[in-house]
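Undergrad: what shape does this take:
(chains A, B, C and D, ligands or ions: 6)
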Amino acid sequence: MTMTTHDLAGFVAQANEAVQQEEQRLNAADAKLGDGDTGSMLRRVLAAMAKVDVAGAAGLSEAAMALAQAAMKETGSSLGTLVATAAMTFAKEAKAAGNRIEADDMGRVVSAMCDAVASRGRAATGDKTVIDSLDAIARALSAGPATLAGAERAARDALDAFRALPCKVGRARMFPEKSTGADDPGMLAIALLLAQGPRAEA
Amino acid sequence: MTMTTHDLAGFVAQANEAVQQEEQRLNAADAKLGDGDTGSMLRRVLAAMAKVDVAGAAGLSEAAMALAQAAMKETGSSLGTLVATAAMTFAKEAKAAGNRIEADDMGRVVSAMCDAVASRGRAATGDKTVIDSLDAIARALSAGPATLAGAERAARDALDAFRALPCKVGRARMFPEKSTGADDPGMLAIALLLAQGPRAEA
Amino acid sequence: MKKLLNDPSAYVEEMLAGLVAAHPELTLGGESGRCVALAEPARSGKVGIATGGGSGHLPLFTGYVGQGLVDACAIGNVFEGPGAQSCIDAIRAANGGAGVLCLYGNYGGDRMNFDMACEMAGMEDIACETVLGADDVASAVPESAEKRRGVAGIVLLYKAAGAAAEEGRDLAGVAKAARKAGAATRSIGVALSPCRVPTADAPNFEIGADEMEMGMGIHGEPGIWRAPLAAADTVADEMLDRLLAELSPGRGSRVVPLVNGLGATPLEELFILYRRVAERLADAGITPVSPLVGNFVTSMEMAGASLSLMVLDDELEALIKAPASCPFWRVAA
Amino acid sequence: MKKLLNDPSAYVEEMLAGLVAAHPELTLGGESGRCVALAEPARSGKVGIATGGGSGHLPLFTGYVGQGLVDACAIGNVFEGPGAQSCIDAIRAANGGAGVLCLYGNYGGDRMNFDMACEMAGMEDIACETVLGADDVASAVPESAEKRRGVAGIVLLYKAAGAAAEEGRDLAGVAKAARKAGAATRSIGVALSPCRVPTADAPNFEIGADEMEMGMGIHGEPGIWRAPLAAADTVADEMLDRLLAELSPGRGSRVVPLVNGLGATPLEELFILYRRVAERLADAGITPVSPLVGNFVTSMEMAGASLSLMVLDDELEALIKAPASCPFWRVAA
Ligand SMILES: Nc1ncnc2c1ncn2[C@@H]1O[C@H](COP(=O)(O)OP(=O)(O)O)[C@@H](O)[C@H]1O
Ligand SMILES: Nc1ncnc2c1ncn2[C@@H]1O[C@H](COP(=O)(O)OP(=O)(O)O)[C@@H](O)[C@H]1O
Ligand SMILES: [Mg+2]
Ligand SMILES: [Mg+2]
Ligand SMILES: [Mg+2]
Ligand SMILES: [Mg+2]
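TA: Ligands and ions are numbered 1, 2, ... in the order given. Alright, predicted model coming up:
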């Protein structure tokens, strides 16, 4: 199945709806060791992205690029900037693929997004950040079947697996004893926003 | 009966005890239209005055002058400065009288204190301030008998008489409708501190 | 309203010790030990300017001791006037032989103590003039303007008088400039939250979680009205309207606007207020000159702001723009 | 934590409008509309200095755009990094043809966006160097000092780098001076009360009525420990001890002490802290140079303070003492 700008629009709309439910939960996760703004920031960023006329864009790449720009205009926060980075990488991949992304391409695409986020964030897998979620999702999609449900499961499993580990980036690394046992707010965000997403095949 | 430095020391000690009881009541009276510090300021000033070795002074005038200086060192607030002014005037009167003040002199002495306070405060009788209390006390003492009980009664009567009138100095004059019916904190202070004073003849 | 302090009764002494340690150009002294002056003694032949007031309002009063501003400052306890001894100390320190202008806010205790000090100064043959800051329109009706309290506008009076003294005017001339500056200046404040005096164990007043009080005094004395907290533009309009109504500057006038923070209000919010003030002045055809936005006169950690306007003529504009510098304010040459 | 604002989502835009209205020497522009620069364009041939960061910390960051300090500033939302577009706007505005030093605090979002902007600048042939303020000893152990956040110490880095650029050093030389300044500077803060971000309806953290938190981040991130509020001298000692332990300045050293208020703490109390700092430095045979006491880097209306120390050598001392001026700070010639 080929991904369309409508699929992308639907994905953003679902994530936008989900974040409205989960805002406070995400803020609370961030407040434990960070500044407590993950949920409110993501809510604002997704609202801005949801305002983009994604479905009306000329192609997947243009649509994703417009989403990246909307996110970047809205915030300069870490996670918001990484969301924009991921969207921009999707746009690049779509452009390289002549605006045709198949379900089977998604493993490779998410892997490229993961690399770009790691390089922008100067962090690596194992640091307990969104990078570990993206890495897990990329691996699950590559192994197949490449479905949103599979991505969601991978994000949840990564969240569960990393919960017991200490965080290694940002201010949270100062408190390994406190971060151990707690969810990373960015990883939690990916799991929650995918969970509420459309169950259709990506 | 001739006034001694012991009488003066006793008077200060009694007023100091009284103000510890009445601090909050005086603050509350001032808080209605002023800055709410009359009680706390007077408590500090009287504590400083009570530390002066009044009974050991060479004479009444020296004792009163030391009291005035202690008050002046402690505060530059309106009422505190007027207390110092009154004490200094007492010192001047005592000096002029060769350090002998009789009960029958007290009407004249308080009248001089009242004039000095009015001139320092640039206010007049009828403004609803300590001037009106001093004026009432001076008149009562002059009419005789010149007792502390008479002074106290005069201070109380003045307080009662002025309650229904509007205040004409300080910030309180901005709110004639609010000051009408309320006690002036300075007048209240005189009434309360005299009330707890020694009942012996002045 | 938690405080970083040691002994509440040592608050002023320790503050002064830190102030002069951080500012070696200032010196603390006088018989009272409560007088801050320029370390370099007052220039001989220049009219001196002495000020003073209670503590708890920094940068006011002490912070304006500097070149082209004030020469010496008498320091009282928190929210209490300075004692007469510190007032005479300040007058002596400011005296360069050409007389001293006592320029301070119109508060009972301050006035009484400076009056006493001026009487003492007279006995020492130091000529004194007194000008009172009385810019707070909320503290008395226009008909009894002489009874008004002084608030943030005094900073502009310091500037005008300081420049006049620096120019070499005589005592009468400096006092005249200060009076003219005072006549051209009005202020009004709005309080959002109380503050706590170090020796007290409770805030100095109570105010509802969604209330503000227009015209409240800087010690927490009741103002003109209390109302639900309004939008910044509404607050700015209300303050501006009252000042314009009294000063009635015509189209083409030039005014110094001063948006002052009372302590805990972020600078960001003072700029939001100023944005509206500037807009409104432009609409009225009034030109803002040397605008000031910041914490110039505070009430400890009180939240809120005040607005002052000074209407300029050529003389006042030159005085306001003359070079000056002190720890907390500077006008470049 | 009541606020004087209109629409919370217009907070930054309205603040900036007020800022440039009050300071005509500054201009607001760039494609993002979120770049403040000197109205007079960057001197040709001088290395430019660009900075940036979230709003809510005034005078930081925007307030340090001035002669001998920073040339341009990218402005983010309250407590969020500046977007990449405003970062490239600031780099372009700061560019006088000799390259641009990007000097800002070590926060994830800020770094990512400046990194993107530097990549864009590379495509426009603007040479960029990056130096990060990372002075907060509470934000990482000494072994991972490169991960530390930047707090009030960045003001001293601006001063050193700004003076180096003003002197005519090349980009590598200016970056070297900034790095050296950074290596010599450490800070630590103590928070007493939270603040409220304009779009939030609650304070950003909770703290007991008698508690303080040592080392708390300027956005309210947990610090090293929370304890009952201590006396000012105890707090000063605790902060100073941690900084001295890392910097180990010997007897005879010269240091710049910076006692900074986080927003709602009265200047009086900062001086009380400084009094103790000066006393302790004197006991240790260390000379304070150009001490700074005031609100230089805030967190809206948070109560608390930070202490920074920069250990000087002759080069740094000359850079710190070189003339400079911006809306909120000035070093006289
Ligand atoms: N350098 C980084 N690399 C990868 N992910 C990061 C990085 N910094 C932050 N994150 C992710 O972002 C989340 C925090 O986001 P958020 O609270 O919005 O950012 P901020 O720190 O700007 O307040 C973290 O939980 C983590 O998953
Ligand atoms: N100018 C004045 N003349 C006479 N009495 C005055 C004057 N000003 C104040 N008082 C008296 O002092 C009282 C207020 O004292 P206090 O609260 O200590 O002074 P402050 O106004 O400095 O806070 C008033 O109630 C009034 O009786
Ligand atoms: Mg966060
Ligand atoms: Mg009072
Ligand atoms: Mg008072
Ligand atoms: Mg954040």
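Undergrad: low-confidence bits of chain C, can you list those?
TA: Counting by pLDDT under 70, the ranges of chain C that qualify are C:331-333.
Undergrad: how is it divided into domains?
TA: Per the record, chain C has its domains at C:11-183, C:185-312, by automatic domain parsing.
Undergrad: work out the gap between the first one and the centre of the chain.
TA: Spelled out, that is domain C:11-183. 10 Å (CA atoms, centre = their mean, to the nearest Å).
Undergrad: so which helix or strand of chain A has the lowest pLDDT on average?
TA: When each helix and strand of chain A is scored by mean pLDDT, DSSP states H and E, helix A:176-179 comes last, with a mean of 82.
Undergrad: give me the below-cutoff pLDDT ranges for chain A.
TA: A:196-202.
Undergrad: who touches stretch C:306-318?
TA: Residues outside stretch C:306-318 that contact it (CB atoms under 8 Å, 6 or more residues apart in numbering or on different chains) are C:135, C:151-153, C:155-156, C:160, C:163, C:177, C:180-181, C:184-190, C:236, C:239-240, C:243-244, C:247, C:249, C:253-260, C:262, C:273, C:277, C:289, C:297, C:320. Quick note: C-beta positions are derived from backbone N, CA and C, even for glycine.
Undergrad: of those, which are in range of chain B?
TA: Here nothing survives when the contacts of stretch C:306-318 are matched to chain B using CB under 8 Å from any CB of the partner chain.
Undergrad: let's see which of those residues end up in strands.
TA: Using DSSP state E, the subset of the contacts of stretch C:306-318 located in strands is C:185-190, C:254-260.
Undergrad: what's the farthest-apart pair in these?
TA: The largest separation in the ones in strands among the contacts of stretch C:306-318, counting by CB to CB, is between C:Val190 and C:Arg254 at 25.2 Å.
Undergrad: so the two - more neighbours on which side?
TA: Shown here are C:Val190 and C:Arg254; by other CB atoms under 10 Å in any protein chain shown, C:Val190 has more neighbours (28 against 19).
Undergrad: which residues does the more buried one bridge with?
TA: Beta bridges link C:Val190 to C:Met214, C:Ala305 when assigned by DSSP bridges.
Undergrad: just give me the closest of the ones in strands among the contacts of stretch C:306-318 to ligand 3.
TA: Closest approach to ligand 3 among the ones in strands among the contacts of stretch C:306-318 (CB to the ion): C:Val259, at 32.0 Å.
Undergrad: tell me who's in contact with the closest one.
TA: C:270-271, C:273-274, C:277, C:291-294, C:305-307, D:22.
Undergrad: name the residues of the stretch 51-200 of chain C found near ligand 2, please.
TA: In this structure, the stretch 51-200 of chain C approaches ligand 2 at residues C:Gly108, C:Gly109, judged by CB under 6 Å from any ligand atom.
Undergrad: residue boundaries of the helices in the stretch 51-200 of chain C?
TA: For the stretch 51-200 of chain C, the helices defined by DSSP state H, counting those that start in this stretch occupy C:84-94, C:108-123, C:154-166, C:171-183.
Undergrad: does ligand 6 have contacts with the longest helix anywhere in chain A?
TA: In chain A, taking DSSP state H as the definition, the longest helix is helix A:5-31. No - against ligand 6, helix A:5-31 shows no contacts by CB under 5 Å from the ion, the least distance being 7.8 Å.
Undergrad: let's see stretch A:187-194 as CSV, backbone CA atoms only.
TA: C-alpha atoms of stretch A:187-194 as CSV (Å, rounded to 0.1, in the frame of the first residue of the first chain):
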residue,chain,number,x,y,z
MET,A,187,9.6,7.9,24.8
LEU,A,188,6.2,8.0,26.6
ALA,A,189,5.0,10.6,24.2
ILE,A,190,5.8,8.4,21.2
ALA,A,191,4.0,5.4,22.7
LEU,A,192,0.9,7.4,23.7
LEU,A,193,0.6,9.3,20.4
LEU,A,194,1.0,6.2,18.3
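Undergrad: that older thread, restricted to helices, list the contacts of C:Val259.
TA: Per DSSP H, the contacts of C:Val259 map to helices at C:Leu270, C:Phe271, C:Leu273, C:Tyr274, C:Val277, D:Ala22.
Undergrad: contact partners for residue 131?
TA: If you meant another chain, say so; for now it's chain A. A:Cys114, A:Val117, A:Ala118, A:Gly121, A:Ala123, A:Ala124, A:Thr125.
Undergrad: um, chain C though
TA: Per CB under 8 Å, 6+ apart, neighbours of C:Val131: C:Leu101, C:Cys102, C:Leu103, C:Leu157, C:Ala161, C:Ala175, C:Ala178, C:Arg179, C:Gly182.
Undergrad: just those residues now: which is nearest A:Glu23?
TA: C:Leu157 (51.0 Å).
Undergrad: what's around the residue nearest to C:Cys35 when sequence neighbours are not counted, how many residues?
TA: Computed as CB to CB, 6 or more residues apart in numbering or on different chains, the closest residue to C:Cys35 that is not its neighbour in sequence is C:Asp89, at 3.7 Å. Neighbourhood size, C:Asp89 [other CB under 10 Å]: 28.
Undergrad: what does A:Ala164 give?
TA: By other CB under 10 Å, neighbour count at A:Ala164 equals 9.
Undergrad: how about it, phi and psi?
TA: A:Ala164 adopts backbone torsions of phi -80, psi -10, taken as degrees, to the nearest 10.
Undergrad: please apply the same query to the one 4 residues further on.
TA: Per-residue torsions, A:Lys168: phi -120, psi 0 (degrees, to the nearest 10).
Undergrad: which ones are touching the nearest residue to C:Phe205 once chain neighbours are set aside?
TA: Counting by CB to CB, 6+ apart, C:Phe205 lies nearest to C:Gly220, which is 4.1 Å off, once chain neighbours are set aside. Residues near C:Gly220 by CB under 8 Å, 6+ apart: B:Asp35, B:Gly36, C:Ala191, C:Pro194, C:Cys195, C:Asn204, C:Phe205, C:Ser299, C:Met302.
Undergrad: so where do the helices sit in chain A?
TA: A:5-31, A:38-50, A:60-74, A:78-96, A:106-121, A:130-143, A:148-163, A:176-179, A:185-195.
Undergrad: B:Glu152: which of the ones you listed is closest?
TA: Using CB to CB, these put helix A:5-31 closest to B:Glu152, at 61.3 Å.
Undergrad: wait, does the closest one make contact with chain D?
TA: Yes - residues of helix A:5-31 contacting chain D under CB under 8 Å from any CB: A:Ala31.
Undergrad: likewise stretch C:5-12?
TA: Yes - using CB under 8 Å from any CB, we find that stretch C:5-12 touches chain D at C:Leu5, C:Asn6, C:Tyr11.
Undergrad: does the first one belong to a helix, a strand or coil?
TA: Yep, that's C:Leu5 we're talking about. coil (DSSP: H, G, I helix; E, B strand; the rest coil).
Undergrad: correct me if wrong: it contacts D:Leu270.
TA: No - look at C:Leu5 against D:Leu270 with CB atoms under 8 Å: they stay out of range, at 11.1 Å.
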